[in-house]
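Undergrad: Compute the structure for the input listed below.
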Amino acid sequence: MPDPLLAIDAPSLLYRAFFALPTDIATASGQAAQFLALSTILQNGDNVVSTSYLYGGTYNQFKVAFPRLGIGVKFIEGDDPKAFAKAIDARTRALYVNTPNNPTGAVLTRDQLRAIAAVALERDLWVVSDEAYEHILFDGTEHVSIASLPTMSSRTVSLFSFLTPPEKTMV
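TA: From the prediction side, this is the model:
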């Protein structure tokens, strides 16, 4: 049987191996990681508040798989921290953000992430942050992980992927 690691871009593998922490978990895909994270945090009757700007697989997971488990998803338009706060109810256990976003390409600013973090801290919520495209940035945009903000590392599940660096994929 071929070694599956041979199919992974070596620089990406080395990057992740170098920065891996004892709390890092590898899964078969970003979708699997997302499902494991949210289904661990949420139970039947709970909900997550999410941006409506989602990758198709994430949207399908949120609209089909989670309702079958009794888990609700409340979609907000965009990434406005005030909209996240307004959508929270007594059964909300997590916020879901995606930055850099797929499919829009939008990148949340440090100030936007601070505001979302403040909402999560105030309401004692987890944040699940899809950051699979952390290296695909344009026009000098900076990627900031919400987990890097003060007090957020202990309440954030960050989702990353092994990706070929953009300089190797852009033509």
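Undergrad: Show me the shaky parts of the protein.
TA: For the chain, residues meeting the criterion pLDDT under 70 lie at 1-28, 162-171.
Undergrad: The biggest strand by length in it - contacts with which helices or strands?
TA: The longest strand of the chain (DSSP state E) is strand 92-98. In this structure, strand 92-98 makes packing contacts with helix 30-41, strand 47-51, helix 110-123, strand 126-130, judged by 3 or more Cβ pairs under 8 Å, 6 or more residues apart in numbering; DSSP states H and E. Quick note: C-beta positions are derived from backbone N, CA and C, even for glycine.
Undergrad: Compile the ones you listed into JSON lines and extend it with columns for distance to D139 and mean neighbour count.
TA: Formatted as JSON lines, the helices and strands packed on strand 92-98 follow (distance: least, Cβ to Cβ, whole Å; neighbours: other Cβ atoms under 10 Å):
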{"stretch": "helix 30-41", "distance to D139": "25", "mean neighbour count": "18"}
{"stretch": "strand 47-51", "distance to D139": "21", "mean neighbour count": "24"}
{"stretch": "helix 110-123", "distance to D139": "16", "mean neighbour count": "17"}
{"stretch": "strand 126-130", "distance to D139": "21", "mean neighbour count": "24"}
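Undergrad: got the ones you listed as CSV, with distance to R68 columns?
TA: Formatted as CSV, those follow (distance: least, Cβ to Cβ, whole Å):
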stretch, distance to R68
helix 30-41, 11
strand 47-51, 14
helix 110-123, 26
strand 126-130, 19
